[in-house]
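Enquirer: Here is a sequence together with a model predicted from it:
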Amino acid sequence: MTISVIITGTSGMVGEGVLLECLADARVARVLAVTRKPSGVRHPKLVELMHADFHDFSAIEAQLAGYDACFFCLGVSSVGMSEADYKRVTHDLTTSFGRTLARLNPDMTFCYVTGSGTDSSEHGKVMWARVKGATENELLRLFRRGVMFRPGMMRATPGQKNLKGWYRLIAWIYPIGRRLYPAQFCTLQEVGQAMINAAVDGSPRSVLEVKDIVALAAAKR
């Protein structure tokens, strides 16, 4: 079985890591990257679709149909943002894309990267966690095969170019953290492989914490 995949966020660290896994995996036949700017990656499987307004997809709807999965890796930090602004660029943007894809590809697997500590109750004290929780909940209502990914610290894949300066400064922590606190550390290779496995064979649960991501990535193919 081969699958066709849509990926967002390929010009960022998480999206780039997931993209590299998809391009290397024979089970993924084609990849459509919906992005505001080029990722810099060139591959026969990959088509990049430039689109500026992630709140309105009417102009590109025809190009979003016929896909088996979406790996939604687009996201921003909440630091310095009001809840209203963060909700607009996180919940509203993501669910707008989700509603479009659910209408065009109702049986697709939709994998969304949130984060460890996301608040499914939507009523906790941490702003970003509430917004992410609300986003997860709406996506799970939209997609029968929705899978929410809650990674902690992720190690970049060798060869990645889209890395933040802060990541380069703290990357040395990963091997120590993985050994001492495995429930908070995984690799982007594991995230990508878990997404592909979820799309091909399904996921045992709809919300995946770090240990679940690692287990799904290692599942027999």
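Expert: Received it, and whenever you're ready, just let me know what you need. Residues are numbered from 1 along each chain as shown.

Enquirer: what's residue 35 in contact with, if anything?
Expert: Contacts for residue 35 (C-beta atoms under 8 Å, 6 or more residues apart in numbering) come out as 8, 9, 10, 11, 48, 49, 50, 51. C-beta coordinates here come from the backbone N, C-alpha and C atoms, glycine included.

Enquirer: contacts for the strand or helix carrying residue 23?
Expert: If you go by DSSP states H and E, residue 23 is part of helix 13-24. Residues from elsewhere that reach helix 13-24 (C-beta under 8 Å, 6+ apart): 5, 7-10, 28, 31, 33, 39, 41, 43, 45-46, 71, 73-75, 113, 154, 156-157, 159-164, 167, 188-189, 191-193, 195-196.

Enquirer: Filter the contacts of residue 35 down to just the ones in strands.
Expert: Under the assignment DSSP state E, the contacts of residue 35 contribute 8, 48, 49, 50 to strands.

Enquirer: Closest one of the residues you listed to residue 212?
Expert: residue 8 (22.0 Å; C-beta to C-beta).

Enquirer: pretty sure the closest one is touching residue 73, no?
Expert: Yes: counting by C-beta atoms under 8 Å, residue 73 is a contact partner of residue 8 at 5.9 Å.

Enquirer: neighbours of residue 86, just the number please.
Expert: For residue 86, the neighbour count with other C-beta atoms under 10 Å is 21.

Enquirer: Kindly list the main-chain dihedrals of it?
Expert: phi -70, psi -40 (degrees, to the nearest 10).

Enquirer: Hmm, it is touching residue 77, no?
Expert: No: assessed by C-beta under 8 Å, residue 86 is found out of contact with residue 77, at 9.0 Å.

Enquirer: still on that earlier bit, now, among the contacts of residue 35, which is nearest to residue 178?
Expert: residue 9 (23.6 Å).

Enquirer: can you count the residues close to that closest one?
Expert: The number of residues packed around residue 9, counting by other C-beta under 10 Å, is 24.

Enquirer: ok, back up a step: could you dump the ones in strands among the contacts of residue 35 into CSV with distance to residue 19 added?
Expert: Formatted as CSV, those follow (distance: C-beta to C-beta, whole Å):
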residue, distance to residue 19
8, 10
48, 10
49, 13
50, 15
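
Enquirer: ok, which pair from those is furthest apart?
Expert: So, the ones in strands among the contacts of residue 35 by C-beta to C-beta: farthest apart are 8 and 50, at 12.3 Å.

Enquirer: Comparing these two, which shows the higher neighbour count?
Expert: Neighbour count, other C-beta under 10 Å: between residue 8 and residue 50, residue 8 has more, with 26 against 11.

Enquirer: Quick check: longest helix in this protein by residues?
Expert: Counting by DSSP state H, the longest helix found in the chain is helix 127-142.

Enquirer: Could you tell me how far the following helix or strand past it lies from the centre of the chain?
Expert: Going down the chain from helix 127-142, the next helix or strand is strand 145-149, by DSSP H and E. The chain centre lies 9 Å from the centre of strand 145-149; the measure is C-alpha atoms, centre = their mean, to the nearest Å.

Enquirer: Fine by me, thanks again.
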